[in-house]
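Student: coordinates only, sequence not included:
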DNA sequence: TCGTGTCAAGATCTT
DNA sequence: AAGATCTTGACACGA
């Protein structure tokens, strides 16, 4: 069975769990004022998250990416003495309860400034701190290892081989609670499906296949040839893939507003006999998901539930 | 209320 | 060596 999901922002719920503030704002306040401000932002993020998850469940959407901004300045020095874990323990429990009760798969995507294969020790340190934060949120919500952190390989630094090796070396040093959630995605400019697959097989981490990125860089490889191996990297977890449509011929790498039905059908043909979660990445978010769903229904393609068996 | 400059973070390309 | 770009929505402030 296939499940569809979307990233971070819902167009239907006006408020989203990605409210934030700025360093400049916090600097104007005394320590107590800072904590108050951070608390206020996080409170609205919790409120908005519960609202959004309820909407998701009502609409049969069980795959969702939590915005990295969920905890404001979670790893920034300016919020170092703010103990959000303790302060929001009750809320994290409640959210986790709802997520587990409704079998929602939460995922996350640490920002593109977090780069595990960096050769700069201070960047590595802040990257691990960022991964730790993302993992901790899922840990505190009591979510299983299907709640993953998706990252890219990182920079090339003029030497792909050693850059891949450095990813593997740094991966090996990660604490268990991060390692059990970290997965690697092929990107659209540097590391191809094949390169990431080899890396994932080597280090024993799952691979997120991004179809659009593969369309951006490849050496003519067909995804169907590699799907069994990609899916095998997930072990007993549910594989996750990313799907999006190019914005235009000229601006190919950018995401379009919606998903192009025919391209999606061609992809579906290759994966529909697997159990796969598909994250749709497009500007129109949940609206695009619901649109695709209705187009699939019109095309009489049953995707998200097992085929009906008539008695 | 509306328009706009600005925003934590790195890598890479351009000047 | 310093600056621009990537990508990008939303905060915060001034009009």
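Tutor: Right, received. Where do you want to start? It should be emphasised that the depicted structure is a prediction, and the values quoted were computed from it without experimental measurement.

Student: Show the average pLDDT along the helix or strand where residue A:107 lies.
Tutor: In this structure, residue A:107 sits in strand A:105-108 according to DSSP states H and E. Averaged across strand A:105-108, pLDDT comes to 98.

Student: in that strand, what's buried?
Tutor: A:105, A:106, A:107, A:108 (16 or more other CB atoms under 10 Å). (C-beta placed from N, C-alpha, C; glycine too.)

Student: Tabulate the residues you listed in CSV, adding columns for distance to residue A:114.
Tutor: As requested, the buried residues of strand A:105-108 are exported to CSV (distance: CB to CB, whole Å):
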residue, distance to residue A:114
A:105, 22
A:106, 18
A:107, 15
A:108, 11
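
Student: just these now: which is nearest residue A:195?
Tutor: Distances from the buried residues of strand A:105-108 to residue A:195 were compared by CB to CB; the smallest belongs to residue A:107, at 22.3 Å.

Student: partners of the closest one in the sheet?
Tutor: Under DSSP bridges, the beta-bridge partners of residue A:107 are residue A:65.

Student: Assess the claim that it and residue A:151 are in contact.
Tutor: No: at 11.7 Å, residue A:107 does not count as touching residue A:151 under the criterion of CB atoms under 8 Å.

Student: any chance you could map the helices in chain A?
Tutor: If you assign secondary structure with DSSP state H, the helices in chain A sit at A:23-27, A:31-58, A:84-87, A:89-101, A:121-140, A:160-172, A:176-179, A:193-203, A:211-216, A:223-232, A:261-271, A:285-298.

Student: Let's have those in TSV, adding distance to residue A:305.
Tutor: Converted to TSV, the helices of chain A look like this (distance: least, CB to CB, whole Å):
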stretch	distance to residue A:305
helix A:23-27	46
helix A:31-58	15
helix A:84-87	38
helix A:89-101	20
helix A:121-140	27
helix A:160-172	37
helix A:176-179	34
helix A:193-203	29
helix A:211-216	22
helix A:223-232	21
helix A:261-271	14
helix A:285-298	11
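
Student: Quick one: closest of those to DNA strand B.
Tutor: Between DNA strand B and the helices of chain A, the shortest separation by CB to the nearest atom of the strand is 3.3 Å, and it involves helix A:23-27.

Student: Quick one: mean pLDDT for that closest one?
Tutor: Averaging pLDDT residue by residue across helix A:23-27 gives 92.

Student: Chain neighbours aside, what residue packs nearest to residue A:123?
Tutor: Leaving aside its chain neighbours, residue A:123 sits nearest to residue A:115 (6.2 Å; criterion: CB to CB, 6 or more residues apart in numbering).

Student: Oh, that last question was meant for residue A:296, not what I typed.
Tutor: With CB to CB, 6+ apart as the criterion, residue A:296 has its nearest non-adjacent residue at 5.4 Å, and that residue is residue A:303.

Student: What is the neighbour count of the residue nearest to residue A:175 when sequence neighbours are not counted?
Tutor: With sequence-adjacent residues excluded and distances taken as CB to CB, 6+ apart, residue A:175 is closest to residue A:132, at 7.4 Å. Around residue A:132 there are 17 other residues, counting by other CB atoms under 10 Å.

Student: same question, residue A:120
Tutor: As a burial measure, the neighbour count of residue A:120 was computed by other CB under 10 Å and equals 11.

Student: For residue A:174, see how far away it is.
Tutor: Shown here: residue A:120 relative to residue A:174, a distance of 17 Å by CB to CB, to the nearest Å.

Student: Close to DNA strand C: what parts of chain A are there?
Tutor: Residues of chain A found near DNA strand C, taking CB under 7 Å from any atom of the strand as the criterion, are A:9, A:16, A:18-22, A:25, A:28, A:253-255, A:283.

Student: Verify the contact between the residue nearest to residue A:123 and residue A:122 for me.
Tutor: No: the pair residue A:115 / residue A:122 is not scored as a contact, 11.6 Å apart, by CB under 8 Å.

Student: so what's residue A:310 scoring on pLDDT?
Tutor: 47.

Student: re earlier: what sits against the residue nearest to residue A:175?
Tutor: Contacts of residue A:132 were listed using CB atoms under 8 Å, 6 or more residues apart in numbering, and they are A:75, A:175, A:177, A:178.

Student: Can you select the buried ones from the residues you listed in PyMOL?
Tutor: The PyMOL command for the buried members of the contacts of residue A:132 (criterion: 16+ other CB under 10 Å) is given here:
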select buried, chain A and resi 75+178
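
Student: Specify which member of the contacts of residue A:132 is nearest to DNA strand C.
Tutor: When the contacts of residue A:132 are compared for distance to DNA strand C (CB to the nearest atom of the strand), residue A:75 comes out closest, at 17.3 Å.

Student: Now do the same contact list for that closest one.
Tutor: Counting by CB under 8 Å, 6+ apart, the residues that residue A:75 touches are A:126, A:129, A:130, A:132, A:133.
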